[in-house]
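K.L.:
got a structure for you, letters missing:
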Ligand SMILES: [Zn+2]
């Protein structure tokens, strides 16, 4: 009975939190979330892909991917805090987190190793890496989730992909996929997903990904799905 009450409480807290965040969309609400006593079993590591000298892909409007990744990740971090989760970010500013290297390639390798270290040193971590897609053919659009080979990753990716299709990309036939060849995803020990939020090469989707309201909606979908996933593990 106690467990059921706790679950019901958490469920309503989640819904209320998502609604509040969607309504206010303000980073100030973090203060409210942090003042609330909660039981934190997991630490959600949010990884805004690229940063600094490594901008990632360039959008059809000339903006670099790292900017979209950071904006969305900061919003997601605030929302997850509001929902009572413990979180950690691999970067909070437009910077690369390498510790050594002379060339761009060496710095990039060091940056990725640092990200792996930050994830693997975190107890009970769950990784959400945020990226944007890009393709030579501008027709393609839609979010896609890639998963690590670690326990729980595929299940979480499937839940996220289903939620994206239902809430953001109706009619999309995109499926979640194993993240083969992605260094970070191949070296983490915990459950982890990499979300390509959309295509920067598609003008309509790029405009949405830059839009604050769409970013809030995207983060609400991610936060609610991850909360649900964690409440069932
Ligand atoms: Zn990327």
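P.N.:
Thanks, I have the structure now. Since the model is a prediction, treat every value here as computed from it, not as a measurement. Residues are numbered from 1 along each chain as shown.

K.L.:
rest of the way, CA atoms for contacts and neighbours
P.N.:
Fine.

K.L.:
which helix or strand in this protein has the lowest average pLDDT?
P.N.:
helix 30-34 (a mean of 45; mean pLDDT, DSSP states H and E).

K.L.:
in its sheet, what does the next helix or strand after that one sit against?
P.N.:
Moving toward the C-terminus from helix 30-34, the next helix or strand (DSSP states H and E) is strand 43-48. Strand 43-48 pairs in its sheet with strand 86-89 (parallel), strand 125-133 (parallel), by DSSP bridges.

K.L.:
could you tell me how far the last one lies from the centre of the chain?
P.N.:
The reference is to strand 125-133. From the chain centre to the centre of strand 125-133 is a distance of 4 Å (CA atoms, centre = their mean, to the nearest Å).

K.L.:
which other helices and strands contact the very next helix or strand once past that strand?
P.N.:
The helix or strand immediately downstream of strand 125-133 is strand 144-147, counting by DSSP H and E. Under the contact definition 3 or more CA pairs under 8 Å, 6 or more residues apart in numbering; DSSP states H and E, strand 144-147 sits against helix 153-167, strand 177-178, strand 191-199.

K.L.:
for residue 74, find the nearest of these.
P.N.:
In terms of CA to CA, the element of those nearest to residue 74 is strand 191-199, at 14.3 Å.

K.L.:
who does the closest one pair up with?
P.N.:
For strand 191-199, pairing defined by DSSP bridges yields strand 125-133 (parallel), strand 144-147 (antiparallel).

K.L.:
what sits up against that strand?
P.N.:
125-135, 140-148, 150-153, 156-157, 179, 185, 205-206, 209 (CA atoms under 8 Å, 6 or more residues apart in numbering).

K.L.:
hmm, which of the residues you listed are the buried ones?
P.N.:
125-134, 141-148, 150, 152-153, 156-157, 179, 185, 205-206, 209 (16 or more other CA atoms under 10 Å).

K.L.:
pull the number of nearby residues for residue 105.
P.N.:
By the criterion of other CA atoms under 10 Å, residue 105 has 11 neighbours.

K.L.:
check the secondary structure at it for me.
P.N.:
Following DSSP: H, G, I helix; E, B strand; the rest coil, residue 105 is assigned to helix.

K.L.:
measure it to residue 222 for me?
P.N.:
For residue 105, the distance to residue 222 (CA to CA, to the nearest Å) stands at 31 Å.

K.L.:
can you check residue 100 too?
P.N.:
Distance from residue 100 to residue 222, by CA to CA: 33 Å.

K.L.:
who has more neighbours, these two?
P.N.:
residue 222 (22 against 12).
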